[in-house]
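Asks: no FASTA, just this:
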């Protein structure tokens, strides 16, 4: 058994109806809260009414701000300036990954006299973050990023010279992750598809990561089983399968936070910064192509690499079949991921304006932290081929 270590995790509260416990959790940290949500959808549900009534009954006063789209550094800094004198004691984020990332960053800066730009990886001075961070409670309303279990707040500056980078520290890990599948009931099919493939990609990439260990392998395997059983039925039929994907997304956040990701997320950073592509769409549209290129590179240059066996096991897991050898099982994995991409109607990159002329620029900016845990170092030509396969 190889040695490994685990970084901090939130206290996890999982199950249908558990969101009703949120007000009591908020009260355990203080009576003055900041509630961060998306722009509209939550406020139209019974969950918003139930939450605000419970906060009132607990004697909690709160400020409310909304996050529309992926949060930018400017948005976070402005929110901190606006709220610095509001005596906030605890931050509650209820929403998708962008909402949770924005809320997480704000919680980390309300007691700190710095711009978030001072801490973003890869841009600015990259000062060491020392806190203090306010207690943060995360309640996801989508099943995708797993932000409720991570120390990462991903912020985006869109445009040709833009970036998509993380404010990252263990002090930012939520104190509680409240994962209630009932909050996912209103997810439209296109969000189910994109977010679900983001979670599946995170599970696959952490399972074959260079830093993978037996602990994260067990979690990733369980999450991939849940995604296999839940994603397509939820997308095609709706209903109770949201619990499988809520569970898969939570595990994907835990595993990525412990062992990192791979080439899909290496490419997602520049694609999300340079083009108006939702993060989940990037992951869903690239995962089959990236797996194929990884497998081909491993078979060619490192045929004894343990990740090849893992890819083969994933092929058997997702297809529920046994195969005669590793090559056949890996081909089955590529085939089923390609099939899921089509069944979930995930669009190609050209739908968002990406062309062959952009490939070199995207590849140049893809060598961030996620690419460093890809199971094999890919050449620029191989990374470019992933993009070309999905133009």
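Replies: Nice, thanks for sending it over. Worth saying up front: this structure is predicted, and the values here are computed from it rather than measured. Residues are numbered from 1 along each chain as shown.

Asks: okay, now the nearest residue to residue 136 once chain neighbours are set aside: neighbour count?
Replies: Distances taken as C-beta to C-beta, 6 or more residues apart in numbering put residue 107 closest to residue 136, at 4.1 Å, once the chain neighbours are dropped. Placement of C-beta: from N, CA and C, glycine included. The local packing of residue 107 (other C-beta atoms under 10 Å) involves 28 other residues.

Asks: isn't residue 107 right up against residue 92?
Replies: No - counting by C-beta atoms under 8 Å, residue 107 stays clear of residue 92, with 9.4 Å between them.

Asks: those strands in the stretch 151-300 of the chain, which residues are they?
Replies: 152-157, 163-168, 176-179 (DSSP state E, counting those that start in this stretch).

Asks: parallel or antiparallel, list what pairs with the last one.
Replies: Read it as strand 176-179. Taking DSSP bridges as the criterion, strand 176-179 forms sheet pairs with strand 11-14 (parallel), strand 136-140 (parallel).

Asks: so is residue 133 in a helix, a strand, or just coil?
Replies: The local conformation at residue 133, judged by DSSP: H, G, I helix; E, B strand; the rest coil, is coil.

Asks: contacts only, for it.
Replies: 107, 108, 111, 169, 171, 172 (C-beta atoms under 8 Å, 6 or more residues apart in numbering).

Asks: roughly how far apart are it and residue 309?
Replies: 40 Å (C-beta to C-beta, to the nearest Å).

Asks: re earlier: the strands of the stretch 151-300 of the chain: which one's closest to residue 60?
Replies: Closest approach to residue 60 among those (C-beta to C-beta): strand 176-179, 15.2 Å.

Asks: re earlier: tell me which of the strands paired with strand 176-179 sits most buried.
Replies: For those, the largest average neighbour count (mean count of other C-beta atoms under 10 Å) is found in strand 136-140, namely a mean of 29.

Asks: distance from that strand to the middle of the chain?
Replies: In terms of C-alpha atoms, centre = their mean, to the nearest Å, the centre of strand 136-140 is found 14 Å from the chain centre.

Asks: angle of it against strand 152-157?
Replies: For strand 136-140 against strand 152-157, the angle by axes from the mean of the first three to the mean of the last three C-alpha atoms, to 10 degrees is 80 degrees.

Asks: where do the helices of the stretch 201-350 of the chain begin and end?
Replies: 214-237, 242-259, 263-274, 279-301, 306-319, 326-343 (DSSP state H, counting those that start in this stretch).

Asks: what does the shortest one rub up against?
Replies: The set of residues external to helix 263-274 that reach it, using C-beta under 8 Å, 6+ apart, is 70, 156-160, 162-165, 201-202, 205, 277, 279, 282-283, 286-287, 290, 293-294, 349, 354, 358, 361-362, 365-368, 370-371, 374, 378, 383, 386-387.

Asks: buried subset of the residues you listed?
Replies: Taking 16 or more other C-beta atoms under 10 Å as the criterion, what is buried in the contacts of helix 263-274 is 70, 156-158, 162-165, 201-202, 205, 277, 279, 282-283, 286-287, 290, 293-294, 349, 354, 358, 362, 365-368, 370-371, 374, 378, 383, 386-387.

Asks: tell me the centre residue of this protein?
Replies: Per C-alpha atoms, centre = their mean, the C-alpha nearest to the average position across the chain is that of residue 145, at 2.1 Å.

Asks: I figured that residue was touching residue 248, is that so?
Replies: No - if you go by C-beta under 8 Å, residue 145 and residue 248 don't touch, sitting 11.8 Å apart.

Asks: shared neighbours of these two, which are they?
Replies: residue 199.

Asks: now the residue located most distally from the centre of the chain: how far from residue 335?
Replies: Here the chain reaches farthest from its C-alpha mean at residue 324, the gap being 34.5 Å by C-alpha atoms, centre = their mean. Here residue 324 is placed at a distance of 16 Å from residue 335 (C-beta to C-beta).

Asks: same question, residue 285
Replies: Per C-beta to C-beta, residue 285 is found 16 Å from residue 335.

Asks: same check, this time on residue 40
Replies: The value you get for residue 40 to residue 335, if C-beta to C-beta is used, is 39 Å.

Asks: same question for residue 133.
Replies: Separation of residue 133 from residue 335 (C-beta to C-beta): 45 Å.

Asks: what of residue 295?
Replies: Distance check for residue 295 against residue 335: by C-beta to C-beta, it reads 12 Å.

Asks: if we can go back for a sec, may I see the strands paired with strand 176-179 arranged in a markdown table, with mean pLDDT and distance to residue 194 as well?
Replies: Below are the strands paired with strand 176-179 laid out as a markdown table (pLDDT from 0 to 100; distance: least, C-beta to C-beta, whole Å):
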| stretch | mean pLDDT | distance to residue 194 |
| --- | --- | --- |
| strand 11-14 | 98 | 23 |
| strand 136-140 | 98 | 14 |
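
Asks: and those strands as JSON lines, adding distance to residue 85?
Replies: Shown next, in JSON lines, are the strands paired with strand 176-179 (distance: least, C-beta to C-beta, whole Å):
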{"stretch": "strand 11-14", "distance to residue 85": "30"}
{"stretch": "strand 136-140", "distance to residue 85": "20"}
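
Asks: of all the ones you listed, which lies closest to residue 254?
Replies: Closest to residue 254 of these, according to C-beta to C-beta: strand 11-14, at 8.8 Å.
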